[in-house]
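Enquirer: One predicted model, sequence on top.
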Amino acid sequence: MIHNIVREEIRVPGTLPDTYLETFLLDITPKFLIQERPLIVVCPGGGYRFTSDREAEIVAMQFNAMGYHTAVLRYSCAPAEFPTALMELSKAVAYLRSNADKWAIDPERIAVLGFSAGGHLAASLGVFWNTEWYAQIRRENGIELTAEQIKPNGLILAYPVISSGEHAHRDSFVALLGEERSQDSEWLSRMSLEMQDMKDVPPAFIWHTTYDDSVPIENSLYFATALMKAHKSVEYHVFPGDMHGLSLADWRTRSEKRMYDTTAAQWIGLVKQWIENWKVH
């Protein structure tokens with residue numbers, strides 16, 4: 001295992017001291033016929049106020065067990081505001097892609113996995129990576145990265161925050177934008193991802209529970225619908241239940257009120273099939 005804590009390479013203006021990228025890269029060995037492997041960048045949830053331990057290393061380990069490289073981004077949360085976390089994620093993807101040869105990463109199979117507010121972060125990169133609006137933000141912050149360097153090849157979204165409208169998780173948008181901008185209709189519209197142009201969004205795997213008691217299912221439903229209207233590749237799963245923040249949805253990530261297994265535990269196997277459908281070199 002190549003285990004590193006990366007800090008300086010992902011710093012941007014506004015990065016907080018406890019921000020880092022933790023890599024869990026499988027060792028390269030001539031015993032493997034195929035060296036290059038997909039890489040999953042994990043963005044834990046936490047309402048843009050913290051990054052959840054329950055959606056971090058233990059999730060990365062599941063993808064390692066499947067044979068994939070992983071990395072966990074502990075991105076800047078409140079009081080950091082947009083675009084800090086998105087720029088950090090962009091630099092993380094670019095950094096990993098730039099080391100693809102060294103670490104046997106398939107540079108065309110880098111997916112970003114986000115839970116809850118981390119899902120909003122992951123989906124934001126999927127929506128904005130190739131826009132002139134986001135390119136201008138990067139230039140204004142002195143980040144000289146091209147769209148191709150930061151491009152995610154896939155999105156994995158678990159009960160994601162998406163919409164700033166009627167079914168919004170309001171506190172996530174307050175934490176993301178700050179008190180003043182979270183009252184600005186133009187900023188809220190921009191951050192409502194289902195309302196954006198979907199033309200360059202990569203293939204997406206999305207799951208949610210029917211009666212999520214924190215982030216309503218309409219968030220993922222609206223995003224999946226927008227992707228389908230744009231004829232983009234999307235796999236969407238809805239599981240019964242009302243709990244939010246399920247992570248692996250079984251005994252391994254039980255905590256607080258999340259005290260029982262659900263059929264949502266199927267998602268980890270389903271996403272493996274989705275990743276395997278990417279062309280293997």
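Expert: Here it is on my side, so go on.
Enquirer: Can you list the strands that the longest strand seen in the chain pairs with?
Expert: Longest strand of the chain, by residue count under DSSP state E: strand 105-115. Next to strand 105-115 in the sheet, as set by DSSP bridges, lie strand 37-43 (parallel), strand 154-158 (parallel).
Enquirer: Dump those to TSV, plus mean pLDDT, mean neighbour count and distance to residue 70.
Expert: Using the backbone N, CA and C atoms, a C-beta is placed for each residue, glycine as well. TSV is the format used below for the strands paired with strand 105-115 (pLDDT from 0 to 100; neighbours: other CB atoms under 10 Å; distance: least, CB to CB, whole Å):
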stretch	mean pLDDT	mean neighbour count	distance to residue 70
strand 37-43	97	26	5
strand 154-158	98	27	11
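Enquirer: and residue 70, that's in a strand?
Expert: Yes. Residue 70: assigned to a strand according to DSSP: H, G, I helix; E, B strand; the rest coil.
Enquirer: If it is in a bridge, with which residues?
Expert: Beta-bridge partners of residue 70, as defined by DSSP bridges: residue 24, residue 40.
Enquirer: Quick check: the gap between it and residue 123.
Expert: 19 Å (CB to CB, to the nearest Å).
Enquirer: Give me the more crowded residue out of the two.
Expert: residue 123 (28 against 25; other CB atoms under 10 Å).
Enquirer: Excluding covalently adjacent residues, which one is nearest to the more buried one?
Expert: Leaving aside its sequence neighbours, residue 123 sits nearest to residue 193 (CB to CB, 6 or more residues apart in numbering; 5.1 Å).
Enquirer: ok, residue 97 touching residue 149?
Expert: Yes. Using CB atoms under 8 Å, residue 97 is in contact with residue 149, at 6.2 Å.
Enquirer: Have a look at these two and say which one is more surrounded.
Expert: Using other CB under 10 Å, the more surrounded residue of residue 97 and residue 149 is residue 97, with 19 against 16.
Enquirer: Check which helix or strand residue 235 maps to.
Expert: Using DSSP states H and E, residue 235 falls within strand 234-239.
Enquirer: From the contact counts, what lies against whichever helix or strand comes after the longest strand of the chain?
Expert: Counting by DSSP H and E, the next helix or strand C-terminal to strand 105-115 is helix 117-128. Applying 3 or more CB pairs under 8 Å, 6 or more residues apart in numbering; DSSP states H and E, one finds that helix 117-128 makes contact with strand 37-43, helix 84-98, strand 105-115, strand 154-158, helix 170-181.
Enquirer: Figure out how far stretch 226-246 is from the centre of its chain.
Expert: 14 Å (CA atoms, centre = their mean, to the nearest Å).
Enquirer: That stretch: which residues count as buried?
Expert: 226-227, 232, 234-237, 239, 241, 243-246 (16 or more other CB atoms under 10 Å).
Enquirer: re earlier: how about the contacts made by the residue nearest to residue 123?
Expert: 120, 123, 124, 127, 162, 163, 223 (CB atoms under 8 Å, 6 or more residues apart in numbering).
Enquirer: If we use 7 Å, what do you get?
Expert: 120, 123, 124, 127, 162, 223 (CB atoms under 7 Å, 6 or more residues apart in numbering).
Enquirer: List just the nearest of those to residue 62.
Expert: Ranked by distance to residue 62 (CB to CB), these are led by residue 123 at 20.9 Å.
Enquirer: measure the closest one to residue 161 for me?
Expert: From residue 123 to residue 161 the distance is 9 Å (CB to CB).
Enquirer: before we move on, what about residue 121?
Expert: Residue 121 is 9 Å from residue 161, by CB to CB.
Enquirer: So between the two, which is more surrounded?
Expert: residue 161 (31 against 27).
Enquirer: which element is the more buried one on?
Expert: Residue-wise, residue 161 maps onto no helix or strand under DSSP H and E.
Enquirer: need the contact list for it.
Expert: 116, 117, 119, 120, 169, 172, 215, 219.
Enquirer: is it possible to export these to JSON lines including neighbour count and pLDDT?
Expert: JSON lines is the format used below for the contacts of residue 161 (neighbours: other CB atoms under 10 Å; pLDDT from 0 to 100):
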{"residue": "116", "neighbour count": "30", "pLDDT": "97"}
{"residue": "117", "neighbour count": "30", "pLDDT": "97"}
{"residue": "119", "neighbour count": "31", "pLDDT": "98"}
{"residue": "120", "neighbour count": "32", "pLDDT": "98"}
{"residue": "169", "neighbour count": "25", "pLDDT": "87"}
{"residue": "172", "neighbour count": "25", "pLDDT": "96"}
{"residue": "215", "neighbour count": "28", "pLDDT": "96"}
{"residue": "219", "neighbour count": "30", "pLDDT": "97"}
